[in-house]
Each structure stands twice: as structure tokens, then as C-alpha cells.
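K.L.:
quick one: sequence and predicted model below, then my questions.
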Amino acid sequence: MPEERRKVEARIRKLLKELSVAQQCSLSEISHFGYTLSFVRQTPDGKLAVVQLNDSAITIDEEGEIDHHSSIVIRSE
């Protein structure tokens, strides 16, 4: 179990490096509510951070704006 946790933490650290400072600040604010960074997607408007809590997904654009009503669809396994 500890090895798997280290892999997850390493993956998240790698993703955090891809975020702008504004995105990192916004992520820090909402992580207190339990949201975690899932992945970063490159869009025509810049990088978009996708953050999840249970089945709920929100996005953070490069300016740090949080979209609680994102139209992004997360596929389940």
C-alpha cells in the first residue's frame, strides 16, 4: 500500500508542475474541501486542470478561474 501511495503522490507532483501559479492557488483553496487534481488537459485556450471529488468534476483554467458547472464528462472504468 505505501508503494502505491508514493506512485500516486509522484503522479500528482508531476501534474502540479504543469499548472500555472493561478491554477495552483485555486487548487489549494478547493483542496481543503477534499477535491484532488485528476489530470491536466491541453485546450486551444490553454491548460485546463480537472479536479474531482467523488463523482463531481470541476475545472480550473489558466487564469485560476474555477468552473463548478463544467461540461466535462469523466469516463468511468
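P.N.:
Nice, I can see it. Residues are numbered from 1 along each chain as shown.
K.L.:
please work out which residues outside the longest helix anywhere in the chain touch it.
P.N.:
Ranked by number of residues, the top helix in the chain under DSSP state H is helix 2-18. With contacts defined as C-beta atoms under 8 Å, 6 or more residues apart in numbering, helix 2-18 is touched by 24, 27, 36-37, 39-40, 47, 49. (C-beta placed from N, C-alpha, C; glycine too.)
K.L.:
quick one: buried ones out of the residues you listed?
P.N.:
Neighbour counting over these (16 or more other C-beta atoms under 10 Å) leaves 24, 27, 37, 40, 49 as the buried ones.
K.L.:
need the max-distance pair from the contacts of helix 2-18.
P.N.:
Within the contacts of helix 2-18, 36 and 47 form the most distant pair, 17.1 Å apart (C-beta to C-beta).
K.L.:
picking up where we left off before, any chance of JSON lines for the buried ones among the contacts of helix 2-18, columns pLDDT and secondary structure?
P.N.:
Listed next are the buried ones among the contacts of helix 2-18 as JSON lines, based on pLDDT from 0 to 100; DSSP: H, G, I helix; E, B strand; the rest coil:
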{"residue": "24", "pLDDT": "94", "secondary structure": "helix"}
{"residue": "27", "pLDDT": "94", "secondary structure": "helix"}
{"residue": "37", "pLDDT": "91", "secondary structure": "strand"}
{"residue": "40", "pLDDT": "93", "secondary structure": "strand"}
{"residue": "49", "pLDDT": "95", "secondary structure": "strand"}
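K.L.:
just the residues you listed now: which is nearest residue 75?
P.N.:
Closest to residue 75, out of all of these and judged by C-beta to C-beta, is residue 40, at 16.5 Å.
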